Structures are given as C-alpha cells and as structure tokens.
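K.L.:
how does the following fold in three dimensions:
(one chain, ligands or ions: 1)
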Amino acid sequence: MSTQALFPTLVYTARLRGRGWQALNARLLRECRQLRADDAAGRRWSARNYSGGYTSYGSVNRMHRLSPTFAALARALDLRVARFARTLAFDLTGRALAMTDCWVNIMGRGDAHGAHLHPLSTISGTYYVATPARSAGLKFEDPRLERYMAAPPRLANARRARAPWVLVAVSTGAVGCSRAGCGTRYPPTKPPLSASASASITAGFSALAAMRPGTVNPYIEDALHDGRTLASARVRIQQPFSVRRPRSEAKET
Ligand SMILES: [Fe+2]
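P.N.:
Got it, this is the predicted structure:
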C-alpha cells in the first residue's frame, strides 16, 4: 500500500539578481508612478474595478511593448518562466511561451486584492517593484478548492503542501508564478498600519504558450481519444496566433 502525490500544484518563486537589477527596478518604480499620473483612462477604470488602488490592466496592459524598461523586465521574467516551464515538463515543441500582457498595479496602504486568475494565460505571475513594510506576502490557493465540496479543514500542523492556501513572503525584486488556474490574492499589509505605510507596486504578467504558424495542431492525443484518425487531427496552424481580450472584462489582475 502506498500514497502517491499526483497532480501537484507547482509554484515558482525567484528574485531578480545580478548586475543592474536595482537600477532596472528604480526605473520601473518611476515609470509605474508616472503611468498612474498620466493614465486618466486607467484611473477611471480602476475607480470602477480596482477598489482603492490603480491598475493599468484595463488601459495599458502591454507595457513590455511600450516601454524599454518593461521590455527589459520582460526579458528577465521570460527566462524565469522558461525555467518554470521546464519544471512543469511542458512540451513546447512548435509553441512559443511568451509574455502577452504586462500591467501595473498600485495598491494603497491597507488595500487588498481578492482571489483572481489571469485569463488567456498559460503562466500567471507577479513581479514586486515595491513592497511595503510588513507586507503580508502573496497568497496562492489550491486550484481545486471548489471541487473539495466536503473537505474538512486541515490540521494546524499539516504540512505546507497539504494546506488549502499558502502565503509566500515577498520583497522588492521578488517574482511569483503559477500555472494559470491557480488562484492568487494580494492580502493587505499586516497591521498596525503606520501613517507612512507605502504602497505595494507590482507588475502583473501573463505568458501564453501559443502555436507557431506552420506547426501541427497539438491536440492529436485528444483526437485519438475521440476516435478520430491521426490524419484528421493534423490541422496546420495557418495564421500567426493572436489574442485579444475584451476590454469589458472584469478586472482580474
Ligand atoms: Fe494577478
């Protein structure tokens, strides 16, 4: 008799390191604040969808295409996402796993951001540009919570891997990633809040594993399960892959 851990939920955490990351982070910090000042549409969108804070999710969600500073961040994050993809054993043959969206979030002191997913992504993540003192961390939730209809609570001394959610400590320069579908939350700063408590500034991002043009449809296995022939599943991707997210979508940073 044995118990096996199957289908584990893997979470990747890392830090930007090496020469120049602090200078890069200082530029990011300036640009995040400048964006909030310049982005009237984003401030209006945030007033409706991002209580207490500012996000460019609904207005400027591809910062890595607009700003050389965010493009440099994207290069650093792409490397880490690629490492995570190897750990996840993703077969990326014929696919490009690349950042599709990158946006700015600024949460004020005491603000929280509830459970959410990054839609249309393979890997979802966050980079911490600035963290307040007493930051509560980044909360990852078991993506199967809604299926555990009659699950009892976990023992107080349960192993971390058995918990329904886990808080990961973060600080400036931290990166946290998970497979899309693993819920994340940004809890409020731990009390007591001082009057000088600073904002939490993050860059949310999504990476999508999209088929390269001219490659074979990967759903061959599904087709075989469906009883179709292998030949019928060999549909070639003709057009460059592109994804457009409806701007009306609810905030899911
Ligand atoms: Fe997020």
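
K.L.:
contact partners for the residue lying closest to P188 once chain neighbours are set aside?
P.N.:
Distance criterion Cβ to Cβ, 6 or more residues apart in numbering; nearest residue to P188, sequence neighbours excluded, is A112 at 4.3 Å. The C-beta positions use only the backbone N, C-alpha and C, and glycine is treated the same way. Applying Cβ atoms under 8 Å, 6 or more residues apart in numbering, we find A112 in contact with R185, Y186, P187, P188.

K.L.:
how much space between A112 and T184?
P.N.:
12 Å (Cβ to Cβ, to the nearest Å).

K.L.:
T55 now?
P.N.:
Remark: distance between T55 and T184 (Cβ to Cβ) = 14 Å.

K.L.:
now do the same contact list for the nearest residue to F90 once chain neighbours are set aside.
P.N.:
Closest residue in space to F90, ignoring its immediate chain neighbours: A209 at 6.7 Å, by Cβ to Cβ, 6+ apart. The contact partners of A209, by Cβ under 8 Å, 6+ apart, come to A85, F90, L92, R95, A96, L97, T122.

K.L.:
ok, which stretches of the stretch 1-150 of the chain are strands?
P.N.:
Using DSSP state E, counting those that start in this stretch, the strands of the stretch 1-150 of the chain run over 11-15, 54-55, 95-107, 113-116, 123-130, 138-141.

K.L.:
which of those strands has the lowest average pLDDT?
P.N.:
Among these, strand 113-116 carries the lowest mean pLDDT, at a mean of 85.

K.L.:
let me know whether that strand sits next to the ion.
P.N.:
No - Strand 113-116 lies apart from the ion when judged by Cβ under 5 Å from the ion; the minimum separation is 5.8 Å.

K.L.:
how about that strand: buried residues?
P.N.:
Neighbour-count burial for strand 113-116, counted by 16 or more other Cβ atoms under 10 Å, picks out H113, H116.

K.L.:
so the residue nearest to D78 when sequence neighbours are not counted versus L167, what's the distance?
P.N.:
Leaving aside its sequence neighbours, D78 sits nearest to M99 (Cβ to Cβ, 6+ apart; 6.1 Å). According to Cβ to Cβ, M99 stands 26 Å off from L167.

K.L.:
next one: A209
P.N.:
Separation of A209 from L167 (Cβ to Cβ): 28 Å.

K.L.:
what does R33 give?
P.N.:
Distance from R33 to L167, by Cβ to Cβ: 27 Å.

K.L.:
neighbour count for the two, which is higher?
P.N.:
Between R33 and L167, R33 has the larger neighbour count (other Cβ atoms under 10 Å), namely 17 against 14.

K.L.:
now do the contacts for that one.
P.N.:
Neighbours of R33 in contact, by Cβ under 8 Å, 6+ apart: I106, I201.

K.L.:
and for C182?
P.N.:
Per Cβ under 8 Å, 6+ apart, neighbours of C182: T9, V11, S124, F140, E141, D142, P143.

K.L.:
from these, list the buried ones, please.
P.N.:
Neighbour counting over these (16+ other Cβ under 10 Å) leaves V11, S124, F140, E141, D142, P143 as the buried ones.

K.L.:
do you know how far the last one is from A130?
P.N.:
Just to be clear, that refers to P143. Applying Cβ to Cβ, the value for P143 to A130 is 28 Å.

K.L.:
and F205, by the same measure?
P.N.:
Noted for F205: a distance of 16 Å to A130, by Cβ to Cβ.

K.L.:
the more surrounded of these two?
P.N.:
Remark: of F205 and A130, F205 carries more neighbours, 28 against 19, as counted by other Cβ under 10 Å.

K.L.:
the more buried one against T126, yeah?
P.N.:
Yes - the criterion here is Cβ atoms under 8 Å, and F205 meets it with T126 at 7.3 Å.

K.L.:
how about the contacts made by the closest residue to P187 other than its chain neighbours?
P.N.:
Nearest non-adjacent residue to P187, counting by Cβ to Cβ, 6+ apart: A136, 3.9 Å away. Neighbouring residues of A136 by Cβ under 8 Å, 6+ apart: L167, P187, P188, T189, K190.
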